[in-house]
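**Q** Requesting a structural model of the entry that follows:
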Amino acid sequence: MEGWLGKSGGLSSYKEHYFCIKGNELIQLHRRETQGAKKSINLEKSKIVADKKDSRVFRLSVKGKQYLFRAPDEETCDKWLDSMKDLVKEADVSRQPISLRSLVSKQ
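**A** Model prediction:
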């Protein structure tokens with residue numbers, strides 16, 4: 001999987017970067033054509049959570065640091081989540097809020 005995503009450190013606005021998944025790493029590239037990595041995140045040590053309010057956003061947490069990513073649309077975000085969910089340590093990719101009623105009805 002590869003493509004453009006907006007990335008935010010949490011306090012700043014989103015900046016567009018080109019990302020790809022290689023092995024167990026999410027790699028941020030300088031430009032689409034560039035082979036050299038600018039930064040990489042080890043997905044095996046990460047937790048991914050889909051945003052419940054904005055269907056284009058997901059959060060990736062690793063070693064106490066959080067990154068917000070925003071895809072251009074919900075379909076693209078879902079593709080990124082599907083590509084990463086089996087590689088990460090923990091994944092919550094459902095956008096459905098959990099209610100007490102749904103928990104009780106499962107028992």
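
**Q** Please save the CA atoms from the helix of greatest length in the chain in CSV.
**A** Among all segments of the chain classified by DSSP state H, the helix with the greatest residue count is helix 74-84. Taking C-alpha atoms only, helix 74-84 is exported to CSV below (Å, rounded to 0.1, in the frame of the first residue of the first chain):
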residue,chain,number,x,y,z
GLU,A,74,-13.2,7.1,3.8
GLU,A,75,-12.5,4.3,1.2
THR,A,76,-8.8,5.2,1.1
CYS,A,77,-8.6,5.3,4.9
ASP,A,78,-10.2,1.8,5.1
LYS,A,79,-7.6,0.5,2.6
TRP,A,80,-4.8,1.8,4.8
LEU,A,81,-6.4,0.4,8.0
ASP,A,82,-6.9,-3.0,6.3
SER,A,83,-3.2,-3.0,5.2
MET,A,84,-2.0,-2.3,8.7
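
**Q** Against which helices or strands is that helix packed?
**A** Contact analysis of helix 74-84 by 3 or more C-beta pairs under 8 Å, 6 or more residues apart in numbering; DSSP states H and E lists strand 2-8, strand 46-50, strand 57-62 as its packing neighbours. C-beta coordinates here come from the backbone N, C-alpha and C atoms, glycine included.

**Q** change it to 10 Å
**A** Under the contact criterion of 3 or more C-beta pairs under 10 Å, 6 or more residues apart in numbering; DSSP states H and E, the helices and strands touching helix 74-84 comprise strand 2-8, strand 15-22, strand 25-29, strand 46-50, strand 57-62, strand 65-70, strand 90-92.

**Q** Least confident of the ones you listed, on average?
**A** If you rank the helices and strands packed on helix 74-84 by mean pLDDT, strand 90-92 sits at the bottom with a mean of 75.
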